[in-house]
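[1] Structure of the sequence below:
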Amino acid sequence: MAHRKLEPGRLVVATHNAGKLREIRELLGPYGFDVVSAGELDLPEPEETGTTFEANAELKARAAAEASGLPSLADDSGFCAAALNGDPGIYSARWAGPEKDFAMAMRNVEEKLQQAGAVTAEARRGSFVAVLCLAWPDGHAEFFRGEVEGQIVWPPRGTKGFGYDPMFQPDGHERTFGEMTSEEKHGWSRTTPALSHRARAFTLFSKACLEQE
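    Numbering: from 1, shown residues only. So this is what the prediction gives:
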């Protein structure tokens, strides 16, 4: 099925997360969109009742598109520890509690890894997953998934990222996402491969919906 092209104009980024909004704005920068967030429009946050990244991204994108009457881009992403059967996964934000305390969330991950006996490098594998959903007010929606594999490190390193970034070192790199600038974390341009999960999903989205053939 052919992808629907998205013409430059006003686009809602369906998030109230400042770090996520900043990264998506940076990725959209070259394409000339007037980006506004769901938070800036005072749109309510829908309850994330889905059981997959795709389902939750769709919930957020559709809610914002219907409320605003504009095309809306949502991201649902999470940190997955192999030794914890993929947890925290889609519940990554919930592990941080209502105060969004990701220092606590990272400690919780580490405690559970220790309880699981995940002390070797082989046992401390993890990944980040991001799914972008682009929804139009007429109900049309498209999905793009990006993943990046790496090591779970402890103690956390770096203060430049957000969420679980300080405890994730992507394969092939000596620094965590928390030690990288956003440009380094994206690792993306129109000529170089993406590094982060969000940038990898965005690459697929841009090729399908933004680039002119």
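
[2] So what touches stretch 4-14?
    21, 24-25, 28, 31-38, 41, 43, 60-61, 63-65, 68, 70-75, 134, 136, 140, 142, 209-210, 212 (CB atoms under 8 Å, 6 or more residues apart in numbering). C-beta: built from backbone N, CA, C; applies to glycine.

[3] Try it again at 6 Å.
    21, 24, 32-38, 60-61, 64, 68, 70-74, 209 (CB atoms under 6 Å, 6 or more residues apart in numbering).

[4] One more: stretch 68-82?
    Residues outside stretch 68-82 that contact it (CB under 6 Å, 6+ apart) are 10-14, 20, 53, 56-57, 60-61, 64-65, 86, 89-90, 92, 125-137, 164.

[5] Surely Cys133 forms part of a strand?
    Yes: applying DSSP: H, G, I helix; E, B strand; the rest coil, one finds Cys133 inside a strand.

[6] Which pLDDT does the model give it?
    Cys133 carries a pLDDT value of 98.

[7] Just the buried ones from the contacts of stretch 68-82, in PyMOL syntax?
    With 16 or more other CB atoms under 10 Å as the criterion, this PyMOL line picks the buried residues out of those:
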select buried, resi 11+12+13+14+20+53+56+57+60+61+64+65+89+90+92+125+126+127+128+129+130+131+132+133+134+135+136+164
